[in-house]
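[1] Following is a predicted model, sequence given first.
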Amino acid sequence: MNHTITFNKLRTKAPLTPIEQYAIDVVTKLRKEHKLRQQDIAIIIDASPSFVGNVENIYNVSKYNLKHINTIADYFQISPKAFVPDKAL
C-alpha cells in the first residue's frame with residue numbers, strides 16, 4: 001500500500017521593511033484613486049503586469065526600486081518624497 005503525506009505550507013508575509021511597504025502602499029493607493037489597473041502601472045514603469053501584482057502581494061518579496069518610484073512620481077506629477085514618510089519608521 002502506497003501512502004502519500006501532504007503538508008500544508010503556511011504562507012507568511014514577505015520580509016519587507018516598513019519603508020518598503022510604505023512606498024508600495026502609496027503606489028497602490030494612487031493606482032486605485034486614479035482607477036488604474038496593475039497593468040497600467042506596469043506600462044508606466046516599463047515592467048510586466050505580473051511584477052506589479054507581485055509587488056502588491058504581501059507574500060512576495062518584489063518591490064519597487066528608486067527608478068520605479070521616480071517614474072511613478074513623474075507620471076502623477078508629484079515629488080518622489082511622497083513615497084516616503086515624514087519621519088523614520
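    Received the coordinates, thanks.

[2] For the rest of this, base every contact and every neighbour count on C-alpha atoms.
    Fine.

[3] From Gln21, how far off is the residue nearest the centre of the chain?
    In the chain, the residue lying closest to the centroid (CA atoms, centre = their mean) is Val55, at 3.0 Å. Distance of Val55 to Gln21, given as CA to CA, to the nearest Å: 9 Å.

[4] ok, back up a step: can you tell me the element the residue nearest to the centre of the chain falls in?
    Element membership of Val55 [criterion: DSSP states H and E] is helix 49-56.

[5] buried ones in whichever helix or strand comes after that helix?
    Scanning forward in sequence from helix 49-56 by DSSP H and E, the next helix or strand is helix 66-76. Neighbour counts using 16 or more other CA atoms under 10 Å place 68-73 of helix 66-76 among the buried residues.

[6] do the same with stretch 50-69
    Going by neighbour count (16+ other CA under 10 Å), the buried part of stretch 50-69 is 51-56, 58, 62-64, 68-69.

[7] now these in CSV, with distance to Lys32 and pLDDT?
    Below are these laid out as CSV (distance: CA to CA, whole Å; pLDDT from 0 to 100):
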residue, distance to Lys32, pLDDT
Phe51, 17, 98
Val52, 13, 98
Gly53, 13, 97
Asn54, 16, 97
Val55, 15, 97
Glu56, 12, 97
Ile58, 17, 90
Ser62, 19, 96
Lys63, 18, 97
Tyr64, 17, 98
His68, 17, 98
Ile69, 16, 98
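
[8] got the residues you listed as CSV, with distance to Thr17 columns?
    Below are those laid out as CSV (distance: CA to CA, whole Å):
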residue, distance to Thr17
Phe51, 18
Val52, 18
Gly53, 18
Asn54, 16
Val55, 13
Glu56, 14
Ile58, 12
Ser62, 12
Lys63, 10
Tyr64, 12
His68, 17
Ile69, 16
